[in-house]
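[1] Next input, structure requested:
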Amino acid sequence: MSAESSPEVTSDPQSRTRSGGVRAVVASRRDRRLLAAAGALLATAAVTALRVLHNVPFDPLAVGPGVLRGVAVLGAFAVAVALAAVGLDHDAASVRVGCLFAAAFGALGTVADGAALPATLAVPAGGALALAGALGVPSTYREARVRVVAAVLVAAVALSLGSTTGVLPAGLREAGSVAALAALSLLVVRLRGDRVALGAGIGVGAAVLWATAAAPYVAGSALLVGFGVVGGPHVLVATAAGGVVAATVAGVRRGALALAAGALVLAAAGVPATPAAAAAVVLGALLVASDADSLGQAEPADATDAATEVSA
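    Residues are numbered from 1 along each chain as shown. Sure thing, here's the model as predicted:
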């Protein structure tokens, strides 16, 4: 019966028009999110690169404090715009509210020192609300693993930002770094059996481990200045780098560009010890954790729509 009715459904011009309209809307939303994420990625990477150049012992490029401050403010607003775009495009009210909270306080905490304390509470709370609304309750083991990654990222934001602003004991700064690195290492759960991506991640992880072992003091200084890593084991740094590369390669290979962009945003943001970095981590977590559910690809929505039309 279903085999006979299937050609009738697919040959119905009205059904094809409706399906094409849904596909166009979903693709348009995805393109807007990816464009906003690309802007946030470039801005966050620029802030990280300039911060490293500002602190090196020689002067390959003169980067004054004023320039660094200005770029940091622009980067914070770029992340805020991307978060707002992701949130406002979502149907769930919890995602919209959470993204707007994290976006607003991430930017305000960068511009005004007096807003740093409210940002310490608002950014992780907003991120947790948005991720909970976007991901929902897991129904499979694969979905549960993704929720674990999201939870660890939220914990990293809360620990790192709280210990930096004094809301939490300063000794928890190292725990925040470990949580952030662990979350990046866990990005391998998004590979879906992609051996090429896994191989790329292993290769990069091995190279990073060799480099940090060969020059531990230089590596430690670069990680602290560029990415805010405090006390993280070099092995965990290597696995984090491998996880980012593996997730990026897997996302590009299967067309899940939200996954690739999210992994790169997380890497560029580093440890979320500032409001801007914390907001960037929330953005990266949303892109990485929910690209297959509601923020990334059009295929799931199309499949659901087609199934509804066939059953009708």
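
[2] mind showing which ranges of the stretch 1-150 of the chain have poor pLDDT?
    Where the stretch 1-150 of the chain drops to pLDDT under 70, the residues are 1-29, 56-63.

[3] and with 90 instead?
    In the predicted model, the stretch 1-150 of the chain carries pLDDT under 90 at residues 1-39, 46-72, 86-92, 112-116, 136-143.

[4] where do the helices sit along it?
    With DSSP state H, counting those that start in this stretch, the ranges of helices along the stretch 1-150 of the chain come out as 2-11, 13-55, 65-88, 93-111, 116-135, 141-165.

[5] ok, the closest residue in space to Gly242 that isn't next to it in sequence - contacts?
    Excluding its sequence neighbours, the residue lying closest to Gly242 (C-beta to C-beta, 6 or more residues apart in numbering) is Gly205, at 2.9 Å. For glycine as for every other residue, the C-beta is placed from the backbone atoms N, C-alpha and C. The contact partners of Gly205, taken as C-beta atoms under 8 Å, 6 or more residues apart in numbering, are Ala238, Thr239, Ala241, Gly242, Gly243, Val245.

[6] How about Ala85?
    Ala85 sits in contact with Arg32, Arg33, Ala36, where contact means C-beta under 8 Å, 6+ apart.

[7] Now list the buried members of the residues you listed.
    Arg33, Ala36 (16 or more other C-beta atoms under 10 Å).

[8] Dump the contacts of Ala85 to TSV, plus distance to Ala122.
    As requested, these are exported to TSV (distance: C-beta to C-beta, whole Å):
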residue	distance to Ala122
Arg32	24
Arg33	22
Ala36	20
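
[9] neighbours around Gln70, how many?
    Just so we're on the same page, residue 70 is Gly rather than Gln. 12 (other C-beta atoms under 10 Å).

[10] ok, now which ones touch it?
    Gly70 touches nothing, counting by C-beta under 8 Å, 6+ apart.

[11] now the contacts of Gly205 in TSV, with neighbour count, pLDDT and distance to Gly284?
    Converted to TSV, these look like this (neighbours: other C-beta atoms under 10 Å; pLDDT from 0 to 100; distance: C-beta to C-beta, whole Å):
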residue	neighbour count	pLDDT	distance to Gly284
Ala238	23	95	20
Thr239	23	96	17
Ala241	23	96	15
Gly242	25	96	17
Gly243	28	96	12
Val245	24	97	15
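
[12] how far away is the closest residue to Ala211 other than its chain neighbours from Ala238?
    In space, not counting the residues next to it along the chain, Ala211 is nearest to Ala219; the distance is 6.4 Å by C-beta to C-beta, 6+ apart. Ala219 is 10 Å from Ala238, where distance means C-beta to C-beta, to the nearest Å.

[13] hey, what's in contact with both of the two?
    Thr212.

[14] just to revisit the earlier point, kindly export the host helix or strand of the residue nearest to Ala211 (C-alpha atoms) in CSV.
    Assigned by DSSP states H and E, Ala219 falls within helix 216-227. Only the C-alpha atoms of helix 216-227 are listed here, as CSV (Å, rounded to 0.1, in the frame of the first residue of the first chain):
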residue,chain,number,x,y,z
PRO,A,216,57.1,22.9,27.5
TYR,A,217,57.7,26.4,28.7
VAL,A,218,57.1,28.0,25.4
ALA,A,219,54.0,25.9,24.9
GLY,A,220,52.7,26.7,28.3
SER,A,221,53.2,30.5,27.8
ALA,A,222,51.5,30.4,24.4
LEU,A,223,48.6,28.4,25.8
LEU,A,224,48.2,30.8,28.7
VAL,A,225,48.4,34.0,26.7
GLY,A,226,46.6,32.9,23.6
PHE,A,227,43.9,30.5,24.9
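
[15] Show me what that helix is packed up against.
    helix 13-55, helix 195-214, helix 234-253 (3 or more C-beta pairs under 8 Å, 6 or more residues apart in numbering; DSSP states H and E).

[16] Hey, what's the angle from the second one to helix 234-253? Just curious.
    Using axes from the mean of the first three to the mean of the last three C-alpha atoms, to 10 degrees, the inter-axis angle of helix 195-214 relative to helix 234-253 is 150 degrees.

[17] Distance from the chain centre to helix 195-214, please.
    Distance of helix 195-214 from the chain centroid (C-alpha atoms, centre = their mean, to the nearest Å) equals 21 Å.

[18] List the buried residues in it.
    Quick answer for helix 195-214 (16+ other C-beta under 10 Å): Ala197, Leu198, Ala200, Gly201, Ile202, Val204, Gly205, Val208, Leu209, Ala211, Thr212.
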